[in-house]
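>>> Test case, fold it:
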Amino acid sequence: MGFIRRKLSGRFPLLGRFGDIAIVGGTALRFASRQGLISDEMAKKFGAASSPGGSSVSASELALAAAAAYRLATKARAKRSS
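Modelled structure (predicted):
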């Protein structure tokens, strides 16, 4: 699977970056909605699905968002240093 990801991300690097931004943004919206920082109407306006009603973030959501944020940060740091 890693070979496929490297091949696709090499051909379409912008697609991977948009995907990472979407993952991090979606998780941030769901977290803010669960914590009551924004209303459900505001979250729906930004395209988030309806609130699941739980108050905690699942481990899989946290892992996906952390990996995507790490990839975005390393790309930004590499771009800044060159």
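>>> Next up, identify which helix or strand residue 42 is on.
helix 40-45 (DSSP states H and E).
>>> Identify each buried residue in the following helix or strand past that helix, please.
The C-terminal neighbour of helix 40-45 among helices and strands, as given by DSSP H and E, is helix 59-81. Residues 64, 65, 68, 69, 71, 72 are the ones in helix 59-81 that count as buried (16 or more other CB atoms under 10 Å). (Glycine included, C-beta is placed from N, CA and C.)
>>> correct me, but the third one touches residue 18?
Pointing back at residue 68 there. No - the pair residue 68 / residue 18 is not scored as a contact, 10.8 Å apart, by CB atoms under 8 Å.
>>> List the contacts of residue 68.
Neighbour list for residue 68: 19, 20, 21, 23, 24 [criterion: CB atoms under 8 Å, 6 or more residues apart in numbering].
>>> From those, list the buried ones, please.
20, 23, 24.
>>> and which of these is nearest to residue 33?
residue 24 (15.0 Å; CB to CB).
>>> Now the host helix or strand of that closest one: average pLDDT?
Using DSSP H and E, residue 24 sits in helix 13-35. Here helix 13-35 scores 84 as its mean pLDDT.
>>> got it, and stretch 42-49?
In the prediction, stretch 42-49 has an average pLDDT of 77.
>>> That one: how far from the chain's middle?
Centroid displacement of stretch 42-49 relative to its chain, using CA atoms, centre = their mean, to the nearest Å, is 15 Å.
>>> Check stretch 60-74 too.
Distance, centroid of stretch 60-74 to centroid of chain: 7 Å (CA atoms, centre = their mean).
>>> and what of stretch 16-29?
3 Å.
>>> Same check on stretch 33-50?
15 Å.
>>> buried sites along that stretch?
Of all the residues in stretch 33-50, those buried under the rule 16+ other CB under 10 Å are 33, 34, 38, 43, 48.
>>> Nothing else from me, thank you.
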